[in-house]
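[1] Quick one: sequence and predicted model below, then my questions.
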Amino acid sequence: MPIEKLQLTTRVYRALSVEGIKTVGEIREKSDGYLLSFQNLGKRSIEHLRITLGRRPADNGNSPT
């Protein structure tokens, strides 16, 4: 599913777009630690993103990128 179909904040949408993330599947493949490396994407933004996708925020960045 394209990220345009999600109800993301403008900040989160733009941060993902700038990094070339276009689909929900791409987001789910990335660790929180990797997403934190994106400019303008902090812990709260990632929590919002994970909740929007129906997954609780990860406690660490050890999952594969």
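    Everything's here; your move.

[2] contacts, neighbours, all on C-alpha from now
    Fine.

[3] Could you tell me the phi and psi values at Pro2?
    When read as degrees, to the nearest 10, the backbone of Pro2 gives phi -70, psi 150.

[4] For the remainder of this discussion, apply numbering that starts at 46.
    Sure, I'll start numbering at 46, so the last one becomes Pro47.

[5] Let's see the lowest-mean-pLDDT helix or strand in the chain as PDB, backbone CA atoms only.
    Here the helix or strand of the chain ranked lowest by mean pLDDT, DSSP states H and E is helix 88-97, holding a mean of 90. This file holds the C-alpha atoms of helix 88-97, laid out as PDB (Å, rounded to 0.1, in the frame of the first residue of the first chain):
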ATOM      1  CA  LYS A  88      10.900   9.000  18.500                       C
ATOM      2  CA  ARG A  89       7.400  10.400  18.700                       C
ATOM      3  CA  SER A  90       7.000  10.400  14.900                       C
ATOM      4  CA  ILE A  91       8.100   6.800  14.800                       C
ATOM      5  CA  GLU A  92       5.700   5.900  17.600                       C
ATOM      6  CA  HIS A  93       2.900   7.600  15.700                       C
ATOM      7  CA  LEU A  94       3.900   5.800  12.500                       C
ATOM      8  CA  ARG A  95       4.100   2.400  14.200                       C
ATOM      9  CA  ILE A  96       0.700   2.900  15.800                       C
ATOM     10  CA  THR A  97      -0.800   4.000  12.500                       C
END
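
[6] What is it packed up against?
    In terms of contacts (3 or more C-alpha pairs under 8 Å, 6 or more residues apart in numbering; DSSP states H and E), helix 88-97 is packed against helix 77-81.

[7] And the helix it packs on, how far out from the chain middle?
    Helix 77-81 has its C-alpha centroid displaced from the chain centroid by 8 Å (C-alpha atoms, centre = their mean, to the nearest Å).

[8] any idea of the mean pLDDT for that helix?
    The average pLDDT within helix 77-81 is 95.
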